[in-house]
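Chemist: output the structure for:
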Amino acid sequence: MHALVFDRFGGPEVLEYRELPDPAIPAGHLQLEVQAAGLNFADVYRRNGNYHLAGDPPYICGYEGAGRVVGIGEGVSGYAIGERIAFADVPFAHATRVNVPVEHAIPLPEGISCELAAAVLLQGLTAQYLVSDSYAVQRGDVVLVHAAAGGVGQYLTQMAVARGAEVIALVSSEDKCRLAKSRGAQHAILNTGPWLDTVREISRGGVHVTYDSIGATLEDSFRATRAKGTVVFFGMAGGNPPLVDPRTLMDHSQHLVGGDLWSYLDSKASRLQRAADLFALLIAGKLTAPEIERFDLKDGANAYRRLESRKLMGKIILVSGA
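Modeler: Down below sits the predicted model:
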């Protein structure tokens, strides 16, 4: 097989496209020929050495993807060679072969391609738990979404609006303002200006919930949120967050909630149900996926550079033979 690997931590320049031995198929696993794999900021954190990373050098990133079954491990039944399978929480996806535990395997329905599955699962499932589990968005809520033009941000905006919320999208350019509004945001504000006062004015004193995937903006997120409101912290795209003094939460009766998708994909049943709900929305046209940008797996270093440029308004996937 071939894989996008690195032996040391650092920038995109540490990545290499390398041939490796095909992995053996453990019992209880399916081996997929990967057709598409998603690229996410979590992969950047892992490449930089700031996030959990499975295995030993050479390291392989990637946790979401889709492909066709080419091998079936001992003890596995109910699957066939050639069947299309996706996954959202299996390591080593940035390779042409990957072993998927059957508990993590998500069969793809008609209408969902391997490329679409690889592009939507992590971001779509993340937005899904954020609006339903981390904070249950309700009709009449005012919601602030950082990085609203990003993949998770676009899903968050659509899902919150579908629940009857008023969404304030925080973005970094006029083009991203237009994109956020096309996804249903009632307001779009540039984060390059005095956005905090504008948010508090629009929300009549503060939003009910702020979704912060930036990290470094956490203090301002609390200032944008009303008393008894909630800040959901689920990413560090802009750097590590400042330490939070619990007395600040007490003084304003505010809630700080951490978010991590792995906590919610905690069984085969939960994976299948959550993925089925997401796929149903996409097939019915009730949810629009971000624009997909494709990079050949061997051009993975440039895919990372594109992701880290902060100019992306869609989702990057890595494909073989693009």
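Chemist: for the rest of this, base every contact and every neighbour count on C-alpha atoms.
Modeler: Fine.
Chemist: now do the contacts for the residue nearest the centre of the chain.
Modeler: Nearest to the geometric centre of the chain sits Gln123, at 3.0 Å (C-alpha atoms, centre = their mean). Going by C-alpha atoms under 8 Å, 6 or more residues apart in numbering, Gln123 touches 151-152, 155.
Chemist: give me phi/psi at it?
Modeler: As for Gln123, its main-chain torsions (degrees, to the nearest 10) stand at phi -70, psi -40.
Chemist: how close does it get to Val76?
Modeler: Distance of Gln123 to Val76, given as C-alpha to C-alpha, to the nearest Å: 29 Å.
Chemist: do the same with Val209
Modeler: Distance, Val209 to Val76, using C-alpha to C-alpha: 44 Å.
Chemist: for Leu281, same thing?
Modeler: Look at Leu281 and Val76: by C-alpha to C-alpha, they are 30 Å apart.
Chemist: for Phe6, same thing?
Modeler: Taking C-alpha to C-alpha, one finds Phe6 at 32 Å from Val76.
Chemist: which one of these two is surrounded by more residues?
Modeler: Phe6 (20 against 13; other C-alpha atoms under 10 Å).
Chemist: you'd agree the more buried one is up against Gly55?
Modeler: No - using C-alpha atoms under 8 Å, Phe6 is not in contact with Gly55, being 11.9 Å away.
Chemist: list the buried residues for stretch 20-30?
Modeler: For stretch 20-30, burial by neighbour count (16 or more other C-alpha atoms under 10 Å) applies to 25, 28-30.
Chemist: could you work out the most separated pair of the residues you listed?
Modeler: Largest separation among the buried residues of stretch 20-30 by C-alpha to C-alpha: Ile25 and Gly28, giving 8.5 Å.
Chemist: need the residues touching each of these two.
Modeler: Residues within reach of Ile25 and of Gly28 at once, by C-alpha under 8 Å, 6+ apart, are Gly73.
Chemist: now do the strands in the stretch 51-200 of the chain.
Modeler: 59-60, 65-72, 84-87, 97-101, 106-107, 142-146, 166-171, 187-190 (DSSP state E, counting those that start in this stretch).
Chemist: same for the third one, what does it pack against?
Modeler: Counting contacts by 3 or more C-alpha pairs under 8 Å, 6 or more residues apart in numbering; DSSP states H and E, strand 84-87 packs against strand 65-72, strand 106-107, helix 114-129.
Chemist: on the three-state scheme, the closest residue to Ser253 other than its chain neighbours is what?
Modeler: The shortest distance from Ser253 to any non-neighbouring residue, by C-alpha to C-alpha, 6 or more residues apart in numbering, is to Lys228 (4.8 Å). Assigned with DSSP: H, G, I helix; E, B strand; the rest coil, Lys228 falls in the strand class.
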